[in-house]
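Asks: pasting a predicted model and its sequence here:
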Amino acid sequence: MGTSLHRKIRKLDLDKAVGRHLASLRKKNGIQQLSISEALEVKRPLVSKIENGHRSLAATELVDYAKALGINPNDLFADIVSIVVEYDGRHPDDK
């Protein structure tokens with residue numbers, strides 16, 4: 001498998017893992033997708049795409065998503081770093 005194809009597959013896997021995590025947090029907090037879409041000022045199908053890993057989020061979008069979930073953005077970023085480390089096997093502080 002070529003490097004670029006491997007990178008694309010890895011990114012898709014990470015997008016799905018992050019999306020599943022966001023959906024889990026939303027459900028845990030008893031929030032509907034519609035409420036998230038209203039808070040983010042996007043259509044509800046976009047929230048579904050994000051939670052299914054079909055759309056990734058930029059850092060600024062993740063901050064907005066965390067606020068819509070009622071959680072600290074730093075906590076969400078820490079969760080995402082853990083997800084990335086799980087897939088990559090290396091901590092960002094490792095050299």
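Replies: Thanks, I have the structure now. Numbering: from 1, shown residues only.
Asks: residues in contact with stretch 36-50?
Replies: 19, 22, 26, 33-34, 55-57, 61, 64-65, 67-69 (CB atoms under 8 Å, 6 or more residues apart in numbering). (Each C-beta comes from the backbone N, C-alpha and C, glycine too.)
Asks: mind checking which helix or strand the residue nearest to L14 when sequence neighbours are not counted is in?
Replies: Counting by CB to CB, 6 or more residues apart in numbering, Y87 is the residue found nearest to L14 once chain neighbours are left out, at 5.7 Å. Counting by DSSP states H and E, the element that carries Y87 is helix 73-88.
Asks: buried set for that helix?
Replies: 73, 76, 79-80, 83-84 (16 or more other CB atoms under 10 Å).
Asks: how much space between A78 and L34?
Replies: To L34, A78 is 27 Å away according to CB to CB, to the nearest Å.
Asks: residues contacting P73?
Replies: Residues near P73 by CB under 8 Å, 6+ apart: 62-63, 66-67.
Asks: how much space between it and I80?
Replies: Taking CB to CB, one finds P73 at 10 Å from I80.
Asks: same check on L22?
Replies: Separation of L22 from I80 (CB to CB): 9 Å.
Asks: need the residues touching each of P73 and I80.
Replies: Counting by CB under 8 Å, 6+ apart, the common neighbours of P73 and I80 are L62.
Asks: tell me the centre residue of this structure?
Replies: V18 (3.4 Å; CA atoms, centre = their mean).
Asks: and after the helix or strand hosting that residue, which helix or strand comes next?
Replies: Per DSSP H and E, V18 falls inside helix 3-28. Sequence-wise, the next helix or strand downstream of helix 3-28 (DSSP H and E) is helix 33-40.
Asks: just to revisit the earlier point, the helix holding Y87: how far from the chain's middle?
Replies: Centroid displacement of helix 73-88 relative to its chain, using CA atoms, centre = their mean, to the nearest Å, is 9 Å.
Asks: angle of that helix against helix 3-28?
Replies: 140 degrees (axes from the mean of the first three to the mean of the last three CA atoms, to 10 degrees).
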